[in-house]
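S.K.: quick one, what's the 3D model for this:
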Amino acid sequence: MALDQKQRPPNFVIEARIADAIQAHTKENKLPCAQAFAIAEALGAHYLLIGQTADALEIHLSHCQLGLFGYPSGKGWVATKLAERPTPEGLEQAIREATDQDGNLACARAWEIAAHFRIPKMQVGYVADKLGIHIAPCQLGAF
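M.R.: This is a model prediction of the structure:
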């Protein structure tokens, strides 16, 4: 989603400490997803606030940990060759069962599934994509 299409709460105020941390980790106007999460943890801030602040600063999120966006070759799993990895038994069923009534898999649920199966988050993103399951919402508000 383009930055100009994203909405922030009315009267959104950029917190200087968050803006400074984001700008310190931004390269070529991009903030990697993992860095956004690290900033949130370090500052005790909600993940969504980090994403909204990046949006307000017109900084793009990149390198989604689920592999969905921000990679030069498209999806992250292309470069990592995750398609060549075997799919753990039960993973597809776990993903299907974790979808909401609209058929979406929340990013946070995808992370939980990855932790449960002890696999990379990106592998969950790949399998969900292969199953035609849309991942939403993003914890950082990217989509």
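S.K.: which intervals of the protein have sub-threshold pLDDT?
M.R.: Within the chain, the segments meeting pLDDT under 70 span 1-5.
S.K.: now do 90
M.R.: 1-12, 72-74, 78-84, 143 (pLDDT under 90).
S.K.: A strand includes Asp100, no?
M.R.: No. If the criterion is DSSP: H, G, I helix; E, B strand; the rest coil, then Asp100 is coil and not within a strand.
S.K.: just give the closest residue to it, not the sequence neighbours.
M.R.: Ala106 (7.0 Å; CB to CB, 6 or more residues apart in numbering). Heads up, the C-betas are built off the backbone N, CA and C, glycines and all.
S.K.: ok, that neighbour - how many residues close by?
M.R.: 16 (other CB atoms under 10 Å).
S.K.: quick one: contacts for it?
M.R.: By CB atoms under 8 Å, 6 or more residues apart in numbering, the residues touching Ala106 are Ala98, Asp100, Ile135, Ala136, Pro137.
S.K.: closest to Leu48 among the residues you listed?
M.R.: Pro137 (9.0 Å; CB to CB).
S.K.: confirm the closest one sits in a helix?
M.R.: No. According to three-state DSSP, Pro137 belongs to no helix; its state is coil.
S.K.: helix or strand for the residue nearest to the spatial centre of the chain, which one?
M.R.: Geometric centre of the chain, nearest residue: Cys64, 4.6 Å, by CA atoms, centre = their mean. According to DSSP states H and E, Cys64 maps onto no helix or strand at all.
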